[in-house]
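Q: A predicted structure for the sequence below; I have some questions about it.
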Amino acid sequence: MILGDQLSRGISSLSDADPKRDIVLLAEVADETRYVPHHPKKIAFIFSAMRHFAAELRAEGFKVDYVTLDDPANTGAFGSELARAVARHGAGSAVVTHPGEWRVLHAMQGWEDEARVPVEIRADERFFCALPQFRQWAEGRRQLRMEFFYREMRRGTGILMDADGEPVGGRWNFDAENRKAVPARLDMPPAFFVSPDAVTKEVLSLVAARFPDNFGTLEGFDYAVTAADARRALAHFIDHALPSFGDYQDAMRQGEDRLFHSVLSPYLNAGLLDPRAVCEAAETAWRQGLAPLNAVEGFIRQILGWREYVRGIYWLKMPDYAHTNRLGAYRSLPGLYWGAPTGMNCLHQCVDQTRRLAHAHHIQRLMVTGNFALLIGARPSEVAEWYLAVYIDAYEWVELPNVHGMVLYADGGYLGSKPYAASGKYIDRMSDYCRNCRYDVKQTVGPRACPFNFLYWNFLIENAPQLRSNQRMAMIYASMERMDEVKRAAIQDQAARFLGELTTEY
Ligand SMILES: Cc1cc2nc3c(=O)[nH]c(=O)nc-3n(C[C@H](O)[C@H](O)[C@H](O)COP(=O)(O)OP(=O)(O)OC[C@H]3O[C@@H](n4cnc5c(N)ncnc54)[C@H](O)[C@@H]3O)c2cc1C
Ligand code: SF4
């Protein structure tokens with residue numbers, strides 16, 4: 001059985017598959033479409049990629065049993081679909097690869113009873129770091145740090161290492177050269193797109209009919225849905241965007257949805273692209289002099305470092321990780337996350353882009369929607385559900401550590417050493433959103449004050465008992481303590497009124 005994010009020809013469950021003996025099962029099940037209200041583009045992407053993958057296996061000579069969502073006999077769950085298929089084919093055993101979500105693994109452990117045949121769960125080998133290897137690395141460390149994990153991965157894989165076992169360019173990290181704002185005049189890379197074929201069009205109609213009320217539009221669907229097109233997307237990124245990826249990695253600009261980002265996460269996470277091939281392609285571009293080291297190292301760190309690191313943490317800490325809430329955040333997520341109008345231009349732009357594309361780049365997710373959720377004290381489980389629902393690349397193994405760990409500090413600093421809280425000043429420095437906003441980013445209190453400003457100070461005040469002793473926040477707490485009482489009271493008052501109107505409390 002192949003799941004919707006396991007669409008790799010090299011997946012472990014297919015490693016010894018024999019077309020003469022074995023049957024491959026793929027099932028579009030209702031349970032997976034509704035455990036959160038997914039963006040319609042995400043559902044369409046996965047179903048279309050599944051259908052194309054099935055067609056490729058058939059072309060190779062495999063007998064593929066494919067159950068569509070609208071098949072009247074479809075029972076709507078993986079376990080019962082496996083049981084039906086076992087009965088249909090008289091299968092003596094089943095093979096599956098370890099899933100990406102704890103929820104599915106938990107269910108999978110009951111499949112033997114449901115299907116009444118042995119079910120072998122094989123390791124997912126599509127990652128650089130096997131789960132036991134990560135567990136071993138993490139053992140005995142009170143806090144984990146991505147930077148140290150990443151260096152181990154560089155050493156272990158030899159990626160961007162020289163012959164003497166040293167990092168190429170003499171440094172592990174070139175971030176000091178990155179993080180520039182986008183200048184007013186800069187040529188943007190051309191967009192990569194794939195026109196929907198007949199299979200995708202059929203899926204788009206199915207999704208439109210079945211999920212009319214989900215947040216997000218199907219219009220303009222142009223994602224790749226095959227491994228071949230995903231490789232073209234990779235080549236396009238390497239040629240056009242990688243050289244400037246490092247420089248503008250943290251920048252945001254109104255009207256430029258993707259800037260120099262790769263938009264490869266949907267393909268990596270569904271199995272259409274192999275992370276090794278992606279890192280190799282980037283390293284080759286540097287070795288051939290086609291992209292600078294600050295860009296290539298910055299890009300590879302996201303995949304060899306962050307992506308592997310968050311997966312390791314997820315499987316190490318689940319299921320408890322999903323219930324963490326160190327700051328005791330308790331407010332509801334406001335309607336603006338689901339498209340309700342807002343005068344805060346940065347949030348409007350990022351949420352609207354998410355509605356259109358089911359994609360936003362890292363800084364938009366971290367420093368705009370994520371930062372705002374942190375500052376208003378939104379309940380982590382609700383924030384996590386939003387991220388899981390609205391992004392085309394969202395699977396819990398990657399989404400949850402980013403939300404609970406990186407953005408909300410809900411895990412108390414296990415993944416990152418301090419919350420990424422920031423005032424409007426950061427957004428103003430890295431984007432042009434503030435120039436088009438009805439609020440004034442330079443004001444902290446008053447009718448036109450940027451809400452990120454008073455919410456930022458209010459966040460620090462509200463969470464002082466938890467954060468004041470954090471070494472990395474000592475400077476900011478010192479400056480907060482220098483603030484005069486009248487200003488502090490005005491900030492708290494404005495924040496309380498704003499939050500009272502914006503959210504409800506649980
Ligand atoms: C709150 C929050 C939620 C997120 N949820 C997801 C998610 O559900 N799925 C997901 O794939 N990424 C998630 N990310 C990480 C990151 O934002 C996306 O991977 C990235 O924006 C995808 O776009 P891209 O392919 O253009 O990335 P690029 O900027 O081009 O980066 C290249 C690749 O690096 C990997 N990567 C980069 N940052 C991270 C990271 N922090 N964690 C894991 N992988 C990373 C991705 O595979 C990405 O494709 C989240 C980040 C935040 C802050
Ligand atoms: S002024 Fe504040 S709310 Fe408006 S775009 Fe800038 S940061 Fe966002």
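A: Arrived safely. Ligands and ions are numbered 1, 2, ... in the order given.

Q: Next one, pLDDT for whatever residue of the stretch 101-250 of the chain ends up closest to ligand 2 please.
A: Per Cβ to the nearest ligand atom, residue 181 is where the stretch 101-250 of the chain lies closest to ligand 2, at 13.6 Å. Heads up, the C-betas are built off the backbone N, CA and C, glycines and all. Looking at residue 181, its pLDDT reads 87.

Q: same question, residue 335
A: 96.

Q: Over to residue 457?
A: Listed pLDDT for residue 457 reads 97.

Q: That one - how many residues pack around it?
A: 25 (other Cβ atoms under 10 Å).

Q: just residue 65 next, same as before
A: Using other Cβ under 10 Å, residue 65 has 18 neighbouring residues.

Q: quick check, it in a strand?
A: Yes. With DSSP: H, G, I helix; E, B strand; the rest coil as the criterion, residue 65 is part of a strand.

Q: need the residues of the stretch 351-500 of the chain near ligand 1, please.
A: Residues of the stretch 351-500 of the chain lying close to ligand 1 (Cβ under 6 Å from any ligand atom) are 361-362, 365-366, 370, 387, 391, 393-394, 398-399, 402-403, 406-407.

Q: Just want the phi and psi numbers for the residue of the stretch 101-250 of the chain closest to ligand 2.
A: With angles defined as degrees, to the nearest 10, residue 181 sits at phi -80, psi 160.

Q: tell me the contacts of it?
A: 251, 429-431 (Cβ atoms under 8 Å, 6 or more residues apart in numbering).

Q: let's see 6 Å
A: If a contact means Cβ atoms under 6 Å, 6 or more residues apart in numbering, then residue 181 has 251, 430 as its contacts.

Q: how much space between it and residue 59?
A: Distance, residue 181 to residue 59, by Cβ to Cβ, to the nearest Å: 48 Å.

Q: Need the three-state assignment for residue 25.
A: At residue 25 the chain is in strand, as set by three-state DSSP.

Q: Give me the number of neighbouring residues for it.
A: Residue 25 has 23 nearby residues by other Cβ under 10 Å.

Q: and the angle from the longest helix seen in the chain to strand 23-27?
A: If you go by DSSP state H, the chain has its longest helix at helix 40-59. Direction vectors for helix 40-59 and strand 23-27, defined by axes from the mean of the first three to the mean of the last three Cα atoms, to 10 degrees, enclose an angle of 170 degrees.

Q: now check helix 40-59, is it near ligand 1?
A: No. Figure legend: helix 40-59 not in contact with ligand 1 (Cβ under 6 Å from any ligand atom); closest approach 10.0 Å.

Q: Residues touching that helix, excluding its own?
A: So helix 40-59 is in contact with 4, 7, 24, 26, 28, 33, 64, 66, 199-200, 203-204, 207, 211, 214, 216, 218, 221, 223, 225-226, 270, 358, 392, going by Cβ under 6 Å, 6+ apart.

Q: Show me which positions of it end up buried.
A: Residues 40-54, 56-57 are the ones in helix 40-59 that count as buried (16 or more other Cβ atoms under 10 Å).

Q: Same check on stretch 232-247?
A: In stretch 232-247, counting by 16+ other Cβ under 10 Å, buried: 233-234, 236-238, 240-247.

Q: Kindly report the same for stretch 421-434.
A: By neighbour count on 16+ other Cβ under 10 Å, the buried set for stretch 421-434 is 421-424, 426-428, 430-434.

Q: just stretch 470-481 next, same as before
A: Buried-residue list, stretch 470-481, by 16+ other Cβ under 10 Å: 473, 476-477, 480.

Q: will you turn those into TSV that also has pLDDT?
A: Below are these laid out as TSV (pLDDT from 0 to 100):
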residue	pLDDT
473	94
476	94
477	95
480	92
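
Q: Distance check, residue 439 against ligand 1.
A: Note on residue 439: its distance to ligand 1, by Cβ to the nearest ligand atom, to the nearest Å, is 23 Å.

Q: hang on, I meant residue 268
A: Residue 268 is 5 Å from ligand 1, by Cβ to the nearest ligand atom.

Q: neighbours of the residue lying closest to that residue once chain neighbours are set aside, just the number please.
A: Excluding its sequence neighbours, the residue lying closest to residue 268 (Cβ to Cβ, 6 or more residues apart in numbering) is residue 275, at 5.9 Å. By other Cβ under 10 Å, 18 other residues sit near residue 275.

Q: Contact residues of the stretch 151-300 of the chain facing ligand 1?
A: Contacts of the stretch 151-300 of the chain with ligand 1, taken as Cβ under 6 Å from any ligand atom, map to 261-265, 268-269, 299.

Q: Now, the buried residues of stretch 421-434 that are in helices?
A: Among the buried residues of stretch 421-434, the residues falling in helices (DSSP H) are 424, 426-428, 430.

Q: Rebuild those as a markdown table, extending it with distance to residue 195.
A: Formatted as a markdown table, those follow (distance: Cβ to Cβ, whole Å):
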| residue | distance to residue 195 |
| --- | --- |
| 424 | 40 |
| 426 | 38 |
| 427 | 35 |
| 428 | 38 |
| 430 | 33 |
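
Q: and the residues you listed near ligand 2, which?
A: Filtering these for neighbours of ligand 2 using Cβ under 6 Å from any ligand atom leaves 424, 427-428.

Q: quick one: low-confidence parts of the stretch 1-150 of the chain?
A: Low-confidence segments of the stretch 1-150 of the chain, defined by pLDDT under 70, are absent.

Q: which residue does it bring closest to ligand 2?
A: residue 39 (23.2 Å).

Q: okay, now that residue: neighbour count?
A: Counted with other Cβ under 10 Å, residue 39 comes out at 26.

Q: ok, now which ones touch it?
A: Contacts of residue 39 (Cβ under 6 Å, 6+ apart): 216, 358, 390.

Q: ditto for residue 346
A: 368, 427, 433.

Q: Run through the helices of the stretch 151-300 of the chain in chain order.
A: For the stretch 151-300 of the chain, the helices defined by DSSP state H, counting those that start in this stretch cover 198-210, 227-240, 242-245, 265-270, 275-287, 293-300.

Q: contacts for the first one?
A: Looking back up the chat, that one is helix 198-210. Counting by Cβ under 6 Å, 6+ apart, 40, 43-44, 47-48, 51, 218, 225 sit against helix 198-210.
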